[in-house]
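Chemist: Here is the input, now give the coordinates:
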Amino acid sequence: MDRTISVIYGKNIHDMTLRLLSSCDLQLPASGANASAVIKPNLVTPSGSDTGATTHTEIVEAIIIHLISLGFRNITVAEGSWVGASTESAFRALGYYDLRDRYGIHLVDTKKDEYRSLAPFGIPMEVSRTVLDADLLINVPVLKGHCQTLMTNAMKNLKGCLSDRSKREFHRLGLDLPIAALNSVIHPDLTIVDSICGDLDFEEGGNPVQTDRMLASAYPVLLDAYSATLMGYRPEDIGYIRKAQEIGLIEDFRWEVKELSKPVVSNARAGGEAKRLSVHTSPIDACSACYAALIHALKRLEDENGLGRLKGRTIAIGQGYSDKAPEIGVGACCRKAGTGVAGCPASADSILQMLRGL
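Modeler: All right, here's what the predicted structure looks like:
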């Protein structure tokens, strides 16, 4: 098992995607150009990607271009929006019909697909045949918060491959074991995570946190375990990750991060709830990934009713503090802070531990 998780930072989403893909060993199967390649984005609603809810269309387009360059001619984007939402509306709002016409790809609404009835670990589910029969499957989730499971990313994104009836059943049974069981029968060849501006704590978007970051790995459980730390959680805090380990999908949570670029400085910004939390920060030339980690850590601290530990103090972050000695600081740029945490970028989990100690 290759435990490498590739990470890239930047502003050009298209180029970032191509660089991630170039670092992976994707190849045309022996069956040739007729081999089926399926791309599974997150189009939970027709919301724009800038809300933190849905996969950036630029990522999917770059994947299509790369697959065509490898010789694939049978490429499908398959997705089923959440119960009550129209997948066709999401396809239309986010430009997927334009991609279909431009590149000659197929669009499959998994709500209307043929299904294969399976019951891994005793969990009944109707799974899209298009996805199960794919010669190559690329999962393209959004790393964001979730009101029930705390986090949604690689593993939970595969829930969009189910019938609406099975989605309802997953909720009735409790999501954790069903999501883990689903990942025992769907095996993406590659997962590319859209962590450009995922929502702080809600899958429908509205509270985006800019990170300007993307991730890639062939192992969804390991990728989710690592991603949990980026949001201020431990892997075992996420129920479906715990269940995945219990049923044998992964032994431990050891990974190796391979950075393809360095974090980029941006105007530290956040929307909605994330903007409210920003009053506890004092950014000067902060990198978006590090600033996002701080916002996630503050949210976790708030969930614990711990913001009072700050006592009106703000947290320094950014390259503008490299020659200063703030009281509290985050990241390598604030190495002279009286109380701080290292990292470039610092992880939300390590920031949270530091804040708990105030």
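
Chemist: Please count neighbours and contacts with C-alpha atoms only from this point.
Modeler: OK.

Chemist: what does stretch 167-178 rub up against?
Modeler: With C-alpha atoms under 8 Å, 6 or more residues apart in numbering as the test, stretch 167-178 has contacts from 83, 123, 149, 159, 179, 239-241, 243-244.

Chemist: would you turn the residues you listed into CSV with distance to Ser23 and neighbour count?
Modeler: Below are the contacts of stretch 167-178 laid out as CSV (distance: C-alpha to C-alpha, whole Å; neighbours: other C-alpha atoms under 10 Å):
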residue, distance to Ser23, neighbour count
Val83, 36, 16
Ile123, 36, 17
Thr149, 31, 17
Lys159, 27, 24
Ile179, 28, 23
Gly239, 31, 19
Tyr240, 29, 26
Ile241, 26, 26
Lys243, 30, 19
Ala244, 27, 23
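
Chemist: Might you specify the subset of the residues you listed located within helices?
Modeler: 179, 239-241, 243-244 (DSSP state H).

Chemist: Which strand residues bridge the closest residue to Asn34 other than its chain neighbours?
Modeler: Distances taken as C-alpha to C-alpha, 6 or more residues apart in numbering place Asn74 nearest to Asn34, at 5.7 Å, with adjacent residues excluded. Asn74 has these beta-bridge partners by DSSP bridges: Ser36.

Chemist: returning to that earlier point: check the ones in helices among the contacts of stretch 167-178 against Met214 and report the nearest one.
Modeler: Using C-alpha to C-alpha, Ile241 is the member of those that lies nearest Met214, at 20.4 Å.

Chemist: Show the contacting residues for the closest one.
Modeler: Taking C-alpha under 8 Å, 6+ apart as the test, what Ile241 contacts is 176, 180, 221, 224-225, 235.

Chemist: Quick check, pLDDT for it.
Modeler: Looking at Ile241, its pLDDT stands at 98.

Chemist: separation between it and Met16?
Modeler: 27 Å (C-alpha to C-alpha, to the nearest Å).

Chemist: Ser282 too?
Modeler: Counting by C-alpha to C-alpha - Ser282 and Met16 are separated by 29 Å.

Chemist: Same question for Arg116.
Modeler: Relative to Met16, Arg116 is positioned 35 Å away (criterion: C-alpha to C-alpha).

Chemist: now Asp194
Modeler: 11 Å.

Chemist: picking up where we left off before, looking at the ones in helices among the contacts of stretch 167-178, which one is closest to Gln319?
Modeler: Ile241 (35.0 Å).

Chemist: Show me the shaky parts of the stretch 251-358 of the chain.
Modeler: Scanning the stretch 251-358 of the chain for pLDDT under 70 picks out the ranges 267-271.

Chemist: If we use 80, what do you get?
Modeler: In the predicted model, the stretch 251-358 of the chain carries pLDDT under 80 at residues 266-273.

Chemist: tell me the helices in it, going along the chain?
Modeler: Ranges of helices in the stretch 251-358 of the chain, per DSSP state H, counting those that start in this stretch, are 273-277, 288-303, 348-356.

Chemist: What about the contacts of Ile241, which one has the most neighbours?
Modeler: Ala180 (27 neighbours; other C-alpha atoms under 10 Å).

Chemist: For Ser36, state which of the contacts of Ile241 is nearest.
Modeler: Nearest to Ser36 among the contacts of Ile241, counting by C-alpha to C-alpha, is Val221 at 24.2 Å.

Chemist: Look up phi and psi at the closest one.
Modeler: Main-chain torsions, Val221, degrees, to the nearest 10: phi -70, psi -50.

Chemist: ranking the helices of the stretch 251-358 of the chain by burial, who's on top?
Modeler: helix 288-303 (a mean of 25; mean count of other C-alpha atoms under 10 Å).

Chemist: Please work out the angle formed by the directions of that helix and helix 348-356.
Modeler: 50 degrees (axes from the mean of the first three to the mean of the last three C-alpha atoms, to 10 degrees).

Chemist: which parts of stretch 242-259 are buried?
Modeler: 242-245, 249-250, 253 (16 or more other C-alpha atoms under 10 Å).

Chemist: Tabulate the residues you listed (a markdown table), appending distance to Gly357.
Modeler: Below are the buried residues of stretch 242-259 laid out as a markdown table (distance: C-alpha to C-alpha, whole Å):
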| residue | distance to Gly357 |
| --- | --- |
| Arg242 | 27 |
| Lys243 | 30 |
| Ala244 | 31 |
| Gln245 | 30 |
| Leu249 | 34 |
| Ile250 | 32 |
| Phe253 | 25 |
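
Chemist: Now do Glu302 against Lys324, distance only.
Modeler: 28 Å.

Chemist: and what of Leu307?
Modeler: 24 Å.

Chemist: and if you look at Ser261?
Modeler: 26 Å.

Chemist: Over to Gly318?
Modeler: According to C-alpha to C-alpha, Gly318 and Lys324 sit 11 Å apart.

Chemist: Find residues that contact each of the two.
Modeler: Cys334.

Chemist: More neighbours: which of those two?
Modeler: Counted by other C-alpha under 10 Å, Gly318 and Lys324 do not tie: Gly318 has more neighbours, with 24 against 14.

Chemist: Correct me if wrong: that one contacts Ala286.
Modeler: Yes. Under the criterion of C-alpha atoms under 8 Å, Gly318 makes contact with Ala286 at 3.6 Å.

Chemist: What separation do you get for Phe72 and Cys24?
Modeler: Phe72 is 16 Å from Cys24, where distance means C-alpha to C-alpha.

Chemist: likewise Ala348?
Modeler: Using C-alpha to C-alpha, Ala348 is found at 27 Å from Cys24.

Chemist: one step back: okay, Arg116 and Met16: which has more neighbours?
Modeler: Applying other C-alpha under 10 Å to Arg116 and Met16 shows that Met16 carries more neighbours, namely 23 against 13.
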